[in-house]
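J.: next input, structure requested:
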Amino acid sequence: MSDRNRFIPAFALLALLSACSESKQTEKPQQPAKPPEALTGRQAFQRIYPQARGWASDAQPLQLRSLQLTQLQAEPGKAGAWEVTFVSASKGSSRIYTYSSIEAEGNLHEGVFAGPAGSYSGHGPGVPFLIAAIRVDSDKAYEIAAEKSQDYIKKHPGMAISFLLEQTNRFPDLTWRVIWGASPSTSDYSVFVDATMGTFIEKAH
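T.: Reported below is the predicted structural model:
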């Protein structure tokens, strides 16, 4: 065997050790998983919408509302879970999708979850709205509502806030309803905010 051939394994070993060393240097420490966080209504909607379009290409939102989670503290204008009702004229049906930051009671699953399809006749208090109309997010809607509600907030500190986005015959534009309480039916106070213009509309007692 020639001297040249004797050095080939040595060079190969050196190259292997060098490659391993470079690999160790380029390896980055694994980042810890992010804790679950509350989202604004539009952030949750953007995560849900692609799945709704997979169900029906003409899917349109009918209603967006926040859901209360006891396991995750909400932040002003945000919630740990949201629910969107979509309708499809071509299918004549509706479907509810949820987004939750965590697994929770009430059949809420982490991430986007599609519920069963139901019937849709096109009749009801709400009408489908255009996605482009959601110019004002829930956090901004809360700011506007809170500015007009300081007296109520002082009398009811720490009260849970809920959000409802829909287009009804009550107002000409898409509106956020910022609700002090779990739902409109159980609340004695809420504020309507124009979701397109970002203006205060009225209080409901």
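J.: tell me what Pro61 is bridged to.
T.: Using DSSP bridges, the bridge partners assigned to Pro61 are Phe86.
J.: what separation is there between it and Gly54?
T.: Distance from Pro61 to Gly54, counting by CB to CB, to the nearest Å: 15 Å. C-betas here are computed from N, CA, C, even on glycine.
J.: neighbour count winner among these two?
T.: The neighbour comparison of Pro61 against Gly54 (other CB atoms under 10 Å) goes to Pro61, with 25 against 10.
J.: show me where this protein dips below the pLDDT cut-off.
T.: Within the chain, the set of residues satisfying pLDDT under 70 comprises 1-33.
J.: in it, which spans are strands?
T.: Ranges of strands within the chain are 60-67, 81-88, 93-100, 111-119, 126-127, 161-168, 175-180, 190-194, 200-204, based on DSSP state E.
J.: just put the ones you listed in TSV and tack on distance to Val136.
T.: Below are these laid out as TSV (distance: least, CB to CB, whole Å):
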stretch	distance to Val136
strand 60-67	12
strand 81-88	16
strand 93-100	19
strand 111-119	23
strand 126-127	18
strand 161-168	10
strand 175-180	7
strand 190-194	7
strand 200-204	11
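J.: out of these, which comes closest to Asp151?
T.: Asp151 lies closest, by CB to CB, to one member of the strands of the chain: strand 200-204, at 10.7 Å.
J.: partner strands of that closest one, parallel or antiparallel?
T.: For strand 200-204, the pairing partners within the sheet under DSSP bridges are strand 190-194 (antiparallel).
J.: so who does the residue positioned nearest the centre of the chain touch?
T.: Most central in the chain under CA atoms, centre = their mean is Ala44, positioned 1.3 Å from the mean C-alpha point. By CB atoms under 8 Å, 6 or more residues apart in numbering, the residues touching Ala44 are 64, 79, 81-82, 84, 99.
J.: Ile144: neighbouring residues, count only.
T.: By other CB under 10 Å, 20 other residues sit near Ile144.
J.: now it: how far from Glu110?
T.: If you go by CB to CB, the gap between Ile144 and Glu110 works out to 31 Å.
J.: how about Tyr142?
T.: Distance of Tyr142 to Glu110, given as CB to CB: 25 Å.
J.: then Pro61?
T.: 22 Å.
J.: repeat for Ile161
T.: Between Ile161 and Glu110 the computed distance is 23 Å (CB to CB).
J.: out of those two, which sits in the more crowded spot?
T.: Ile161 (24 against 13).
J.: look up the residues forming beta bridges with the more buried one.
T.: With DSSP bridges as the rule, Ile161 is bridged to Trp180.
J.: quick check: it vs Asp58, distance?
T.: For Ile161, the distance to Asp58 equals 33 Å [CB to CB].
J.: and what of Lys140?
T.: Lys140 is 29 Å from Asp58, by CB to CB.
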